[in-house]
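Enquirer: Could you look at this predicted model? Sequence included:
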Amino acid sequence: MLRNAPTLADVARLAGVSEITVSRVVRNKGPIAAGTRARVHEAIVKLGYVPNRAAGALASAASPLIGVLLPSLSNIVFPEVLRGIHTALAPTGYQPLIGVTDYDPLKEQHLLSSLLAWQPAAIITTGFEHTDASRQMLSNSRIRVAELMDIDAEPIDIAVGLSQRGAGFDTARHLISRNYRRFGYVGHDWNADHRARLRYEGLRGALAEAGLELKAEERFDGPSSTMAGRETLAALLSQKPDLDVVVFSNDDMAVGGFFHCLGAGIRVGQDLGLFGFNGLDIGQALPLPLSTIRSNRFAIGRIAVEKLMESSRRPEEKLVVDTGYQIIAGATA
């Protein structure tokens, strides 16, 4: 059952202070003892309280704002999601308020608190990896919530995306069907990109089911990039040069791996297979089109908005929309 959002009075009772004191702390107005301020902030976090700064026309389900939190706008994946969101919102009269979290759950929490203070009609966020405070704020709010890109966990309201584990599993099955047996893996920071780890787990699961395993793996301690892919594949092959295929955490990394092979005289698709994830244009523009999985990013953003717009009230039953993915055979594996 949905709970009512916590009020300023609830915070005051929990902190043992007056509502006026809570209001002053929230607005950062007037002298407040450090201990009192700390108790109020602790109560705010514990309750998931969000102050209402709209104070009028926006303080209702009629608000024309949709909060959108994305982990990055430099990664081409998320501008495509945003394009889908924009396309679906264009005829509705709603306007997006966009925040970029840089894959940081605490930054997401701060941005979420700021967005919710304006009482948007809905919140669109990415994945299920929220802080406890963020999850409580989202759960306590009466507004619609869409979590994008992943469907491998239970959503707060709506999840729209693909099974990341399934994509990893199907990657291995596809490559096994093409007679690859000596698998390597090149990845990037799992703390920042939990979905890459889910694909890795799916990959290993399918290999184990076939009586196989990863012969070697190497991860770059940072975000994905073509340079990281190039350097990390070089490190992997220095320790295990007899691999016949390498699976990369995404296309950025795989394109970098392709460039390493060009420089090292490794014949891609013959001496070594390369496989990515995302289906980016840059991978398909290589001299040998990248073998990869294409995610339906535009559709994820568009469908999320369409489902949110079906009702302004959050239903009791949660919704999961699987947008699927396609294996691109390419020419590198």
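Expert: Received it, and whenever you're ready, just let me know what you need.
Enquirer: Can you show me the helices along the stretch 201-333 of the chain?
Expert: Assigned by DSSP state H, counting those that start in this stretch, the stretch 201-333 of the chain shows helices spanning 226-239, 251-264, 281-284, 297-309.
Enquirer: how about those helices in CSV, adding mean pLDDT?
Expert: Shown next, in CSV, are these (pLDDT from 0 to 100):
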stretch, mean pLDDT
helix 226-239, 96
helix 251-264, 97
helix 281-284, 94
helix 297-309, 95
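Enquirer: Just put these in a markdown table and tack on mean neighbour count and distance to Tyr94.
Expert: Where C-beta positions appear, they are placed from N, C-alpha and C, glycine not excepted. Shown next, in a markdown table, are those (neighbours: other C-beta atoms under 10 Å; distance: least, C-beta to C-beta, whole Å):
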| stretch | mean neighbour count | distance to Tyr94 |
| --- | --- | --- |
| helix 226-239 | 20 | 36 |
| helix 251-264 | 23 | 32 |
| helix 281-284 | 16 | 29 |
| helix 297-309 | 22 | 8 |
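Enquirer: Out of those helices, flag the one nearest Ala88.
Expert: helix 297-309 (3.5 Å; C-beta to C-beta).
Enquirer: and that closest one, what does it pack onto?
Expert: helix 77-89, strand 122-126, strand 144-150, strand 158-162, strand 319-322 (3 or more C-beta pairs under 8 Å, 6 or more residues apart in numbering; DSSP states H and E).
Enquirer: Please name whichever of the ones you listed is nearest to Asp252.
Expert: Using C-beta to C-beta, those put helix 77-89 closest to Asp252, at 9.4 Å.
Enquirer: quick one, the closest one and helix 251-264 angle?
Expert: In terms of direction (axes from the mean of the first three to the mean of the last three C-alpha atoms, to 10 degrees), helix 77-89 departs from helix 251-264 by 140 degrees.
Enquirer: Ala153 against Glu129, yeah?
Expert: No: in this structure Ala153 lies outside contact range of Glu129 using C-beta atoms under 8 Å: 9.2 Å.
Enquirer: So between the two, which is more surrounded?
Expert: Glu129 (20 against 12; other C-beta atoms under 10 Å).
Enquirer: Give me the secondary structure label for the more buried one.
Expert: coil (DSSP: H, G, I helix; E, B strand; the rest coil).
Enquirer: gap between it and Leu65?
Expert: To Leu65, Glu129 is 24 Å away according to C-beta to C-beta, to the nearest Å.
Enquirer: likewise Ala333?
Expert: 45 Å.
Enquirer: How about Pro96?
Expert: Distance from Pro96 to Leu65, by C-beta to C-beta: 8 Å.
Enquirer: same thing with Ile266?
Expert: 51 Å.
Enquirer: Ala254 now?
Expert: 38 Å.
Enquirer: With Tyr94 instead?
Expert: 7 Å.
Enquirer: Between those two, which contacts overlap?
Expert: Ala121 (C-beta atoms under 8 Å, 6 or more residues apart in numbering).
Enquirer: for the stretch 101-250 of the chain, which spans come out with low pLDDT?
Expert: The stretch 101-250 of the chain contains no residues with pLDDT under 70.
Enquirer: tell me the domain ranges of the protein?
Expert: Here the domain parsing of the chain from automatic domain parsing is 1-49, 164-294.
Enquirer: Stretch 274-282: how far from the chain's middle?
Expert: From the chain centre to the centre of stretch 274-282 is a distance of 18 Å (C-alpha atoms, centre = their mean, to the nearest Å).
Enquirer: in it, what's buried?
Expert: For stretch 274-282, burial by neighbour count (16 or more other C-beta atoms under 10 Å) applies to Leu274, Phe275, Gly276, Phe277, Asn278, Gly279, Leu280.
Enquirer: Columns distance to Leu82 on top of the residues you listed, output as JSON lines?
Expert: Listed next are the buried residues of stretch 274-282 as JSON lines, based on distance: C-beta to C-beta, whole Å:
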{"residue": "Leu274", "distance to Leu82": "29"}
{"residue": "Phe275", "distance to Leu82": "27"}
{"residue": "Gly276", "distance to Leu82": "22"}
{"residue": "Phe277", "distance to Leu82": "20"}
{"residue": "Asn278", "distance to Leu82": "15"}
{"residue": "Gly279", "distance to Leu82": "17"}
{"residue": "Leu280", "distance to Leu82": "16"}
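Enquirer: What is the nearest of the residues you listed to Arg313?
Expert: Using C-beta to C-beta, the buried residues of stretch 274-282 come closest to Arg313 at Asn278, 34.8 Å.
Enquirer: so that closest one sits right up against Ser295, yeah?
Expert: Yes: contact criterion C-beta under 8 Å: Asn278 and Ser295 qualify, at 5.9 Å.
Enquirer: Next, show the common contact partners of these two.
Expert: Val77.
Enquirer: Do you have the helices of the stretch 51-200 of the chain handy? List them.
Expert: Going by DSSP H, counting those that start in this stretch, the stretch 51-200 of the chain shows helices at 77-89, 105-116, 132-140, 164-177, 194-209.
Enquirer: And the longest one, what's buried?
Expert: If you call a residue buried by 16+ other C-beta under 10 Å, then helix 194-209 has these buried ones: His194, Arg195, Ala196, Arg197, Leu198, Arg199, Tyr200, Gly202, Leu203, Arg204, Ala206, Leu207.
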